[in-house]
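can't give you the sequence, but here's the structure:
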Ligand code: GLA
């Protein structure tokens, strides 16, 4: 375990979770209540009990319980905030009184039943502390699970709730983490957005109020990502204290930063309590999703790098996790629904000639789908468009030396489909109510096992038969009537979470059955960019907005939590289809290289000069791929704050450095502009490809001057090698 370790002193009621860079200190009080006395920088001390008396000093209208830094706040007894756990018992009240009963400390990390979660590959990579709390009157047992990783500066936390009593309970709130922080002189940071403009960082001051970000949509959503951080007011990208949390989950969520009347902050995250209630019969258990918590005193980049490392290596899984991701061409913006096999092959040939490795056939290959009004659910090839079937096309692609990928939207059904005509009750709906359509489609009820099995079989039969190497797994609407025909009235509020569990079962089954298929998730672009899906599919289509200038912001914001290796990024045509903007081919390529690189345009329509540029881009990407996928990514200058954006990738061994700077608009009589690099060895020498040498110190202290061409949307990429 190296220097990360969990210390337990049960006699004194102390649990000190000591990561490489953080300490998380739990303490029992004399009534057996679990308190959190410190989450922040790593400290050697185990005993912080002296702090306890300060929480209820002086006269107050408030009760002691509500003032304590509770690790698992529950309603009643004077706590008035959002409870981390609440349950309605057969008496109709929701009082919980949880007391410590014991602990277990194990090497490694157990999996969470039915849920995605961070993981280890061997027991010496982590230690897991499980604390058992119980409400004896109800027989409700709670297991809080904490994992400290030896090699990652992330704390994983989740909760399991067991009904060991005699009567059924209804869980009404079960958060994954709810952590008290000392003080409130902080800013809050979250990622806001909408379709086509996902994950823009928004930083606002905290005040004595509850700040919430959430989704009730049955998907993590374009609007707010399952992430929330608080920062010291003076914290920047590079310095200052930051506490961040994200959720390994893809459905409705709630994240809160609440400041109480004593000037302390509580950070919490978990299932949205309005969207998930759960009946818990005697003997049953409920497992929450996992929260990932990061503390950094190295500013926002420090927090992001901790998330990136864990997400890339211990949330993402499978064959493709560490393999170089193929450069792809996707036909969506190139042809939309209007394609023939001949057209696809013509694009593929050009793609092969410039070094592309994977051809992805997007929407429109099945049923009678020539528009988005029909056929979802009927995953049978349209032979009018593709006379040789998918098999015939994939063989031809393979013959060209390309991998072959296919688009599915398996969670959906079009009312105009054979599937819907055969099974009208298979969609999410409420009895006797309108079934609201979005993009002319309804959502299949994946809370049902028969529907899950259909989806598995429908996708598996194509993958088995047709030689498919890649799947784009799309999901293009949110839930409007999240109810199920199979659940009783009192169970309807379980539907959304049961849907997610069903989706995870489908994905677990398919990814296990097709381990070498590369899955990429998508939801109207980046409407479901979260750690839950990254566990099954190691890359996500970042946004339907492919405009290079917009992508600077979208990719910059996404990187607050997610590593570049998780982001799909494509060069598309100009004028851009979303904005009408024109950026040079070079700029488009230089923005897309900071993600899983691909093209999404009709290559047969490109002039030779641009094809040559595309070929050069692909060559460069291939030689840089390890650094781009596995290197340490650092944001240097924010496109949200000025006319420039910049970032760098530093290979794991520190030898290869890629510096990327972008100027958005030309300014007359511009000020000269230099950007300082980060994380280099001051004395080492870094050489550019044309033989120029710089010391690490100079690059970090003096910075690199940025050329300022008279061209809107220009880019400057420099590759350096430590000599
Ligand atoms: C969504 C995706 C796009 C494309 C279309 C196809 O909008 O985000 O990339 O696949 O669906 O209908």
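Arrived safely. Being a predicted model, the structure only gives us computed values, none of them experimental.

residue 433 contacts residue 481, correct?
Yes - using Cβ atoms under 8 Å, residue 433 is in contact with residue 481, at 6.1 Å. C-beta coordinates here come from the backbone N, C-alpha and C atoms, glycine included.

these two: who's more crowded?
residue 481 (18 against 10; other Cβ atoms under 10 Å).

how near is the more buried one to residue 474?
From residue 481 over to residue 474 the distance is 21 Å, taken as Cβ to Cβ, to the nearest Å.

just residue 468 next, same as before
Counting by Cβ to Cβ, the gap from residue 468 to residue 474 is 15 Å.

for the stretch 251-400 of the chain, what lies in contact range of the ligand?
Applying the criterion Cβ under 6 Å from any ligand atom, the portion of the stretch 251-400 of the chain that neighbours the ligand consists of 332, 362-363, 372.

now do the strands in the stretch 201-350 of the chain.
210-215, 227-232, 242-248, 253-259, 265-271, 278-280, 285-287, 290-296, 328-330 (DSSP state E, counting those that start in this stretch).

show me what contacts residue 42?
Applying Cβ atoms under 8 Å, 6 or more residues apart in numbering, we find residue 42 in contact with 18-23.

same thing but 7 Å
For residue 42, the residues meeting the contact criterion (Cβ atoms under 7 Å, 6 or more residues apart in numbering) are 18-19, 21-23.

list only buried entries from the residues you listed.
When neighbours are counted using 16 or more other Cβ atoms under 10 Å, those contain these buried positions: 18-19, 21-23.

let me know the closest of those residues to residue 453.
Comparing those against residue 453 with Cβ to Cβ picks out residue 19 as the nearest, at 41.6 Å.

what about whichever residue of the chain sits closest to the ligand, helix or strand, and which?
At 3.5 Å from the ligand, residue 363 is the closest residue in the chain, using Cβ to the nearest ligand atom. Residue 363 is part of no helix or strand, with elements assigned from DSSP states H and E.

separation between it and residue 415?
Going from residue 363 to residue 415 by Cβ to Cβ gives 17 Å.

so, low pLDDT: which residues of the stretch 51-200 of the chain?
By pLDDT under 70, the weakly predicted segments of the stretch 51-200 of the chain are 56-59.

would you map the strands across it?
Taking DSSP E, counting those that start in this stretch as the criterion, the stretch 51-200 of the chain carries its strands at 85-88, 99-107, 126-135, 140-149, 155-163, 169-181, 186-192, 200-205.

and after the strand or helix carrying residue 550, which helix or strand comes next?
Counting by DSSP H and E, the element that carries residue 550 is helix 548-558. The helix or strand immediately downstream of helix 548-558 is strand 567-572, counting by DSSP H and E.

counting contacts, what elements does that following strand pack onto?
Helices and strands touching strand 567-572, as assessed by 3 or more Cβ pairs under 7 Å, 6 or more residues apart in numbering; DSSP states H and E, comprise strand 539-541, helix 548-558, helix 585-592, strand 596-600.

check which helices and strands the first one sits against.
If I follow you right, that is strand 539-541. On the basis of 3+ Cβ pairs under 7 Å, 6+ apart, strand 539-541 makes packing contacts with strand 518-521, strand 567-572.

redo those strands as CSV? Include mean pLDDT and distance to residue 401.
As requested, the helices and strands packed on strand 539-541 are arranged in CSV below (pLDDT from 0 to 100; distance: least, Cβ to Cβ, whole Å):
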stretch, mean pLDDT, distance to residue 401
strand 518-521, 98, 17
strand 567-572, 98, 21
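
nearest to residue 409, out of the ones you listed?
With respect to residue 409, and counting by Cβ to Cβ, the nearest of the helices and strands packed on strand 539-541 is strand 518-521 at 11.2 Å.

touching the closest one from outside, list them.
Contacts of strand 518-521 (Cβ under 7 Å, 6+ apart): 320, 469-473, 511, 528, 533, 536-537, 539-541, 568.

can you give the distance of the helix or strand just after it from its chain's centre?
Secondary structure here is assigned by DSSP H and E; on that basis, the next helix or strand after strand 518-521 toward the C-terminus is helix 531-534. If you compare the mean C-alpha spot of helix 531-534 with that of the full chain, they lie 6 Å apart, counting by Cα atoms, centre = their mean, to the nearest Å.

quick one: find the helix or strand in the chain with the lowest mean pLDDT.
The helix or strand of the chain with the lowest confidence, counting by mean pLDDT, DSSP states H and E, is helix 64-67 at a mean of 84.

for that helix, which outside residues touch it?
Counting by Cβ under 7 Å, 6+ apart, helix 64-67 makes contact with 55-56, 77-80, 262, all of which sit outside it.

distance of the spatially most central residue of the chain relative to residue 647?
Residue closest to the mean C-alpha point of the chain, counted by Cα atoms, centre = their mean, is residue 530 at 2.3 Å. Separation of residue 530 from residue 647 (Cβ to Cβ): 22 Å.

can you check residue 23 too?
Separation of residue 23 from residue 647 (Cβ to Cβ): 31 Å.

so which of the buried ones among the contacts of residue 42 sit within helices?
Taking DSSP state H as the definition of helices, these contribute nothing to them.

okay, and the beta partners of the closest residue to residue 280 other than its chain neighbours?
Distance criterion Cβ to Cβ, 6 or more residues apart in numbering; nearest residue to residue 280, sequence neighbours excluded, is residue 163 at 4.3 Å. Here residue 163 sits in beta bridges with residue 140, as judged by DSSP bridges.

show me what contacts residue 163?
If you count contacts by Cβ under 7 Å, 6+ apart, residue 163 has them with 139-140, 169, 280-284.

helix, strand or coil: sort out residue 27 for me.
Secondary structure, DSSP: H, G, I helix; E, B strand; the rest coil: residue 27 is strand.

then residue 483?
Per three-state DSSP, the secondary structure class of residue 483 is coil.

the longest helix in this structure is where?
Of all the elements of type helix in the chain, the one with the most residues (DSSP H) is helix 608-630.

next secondary structure after that one?
Elements were assigned by DSSP H and E; along the chain past helix 608-630, the next helix or strand is strand 632-637.

paired strands for that following strand, with orientation please.
strand 644-650 (antiparallel).

what's the following helix or strand after the strand it pairs with?
Using DSSP H and E, the helix or strand that follows strand 644-650 in sequence is strand 656-663.

what lines up beside that following strand in the sheet?
So strand 656-663, judged by DSSP bridges, has these partners: strand 644-650 (antiparallel), strand 714-722 (antiparallel).

can I get those in CSV including mean pLDDT?
CSV is the format used below for the strands paired with strand 656-663 (pLDDT from 0 to 100):
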stretch, mean pLDDT
strand 644-650, 98
strand 714-722, 97
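
thanks a lot, catch you later.
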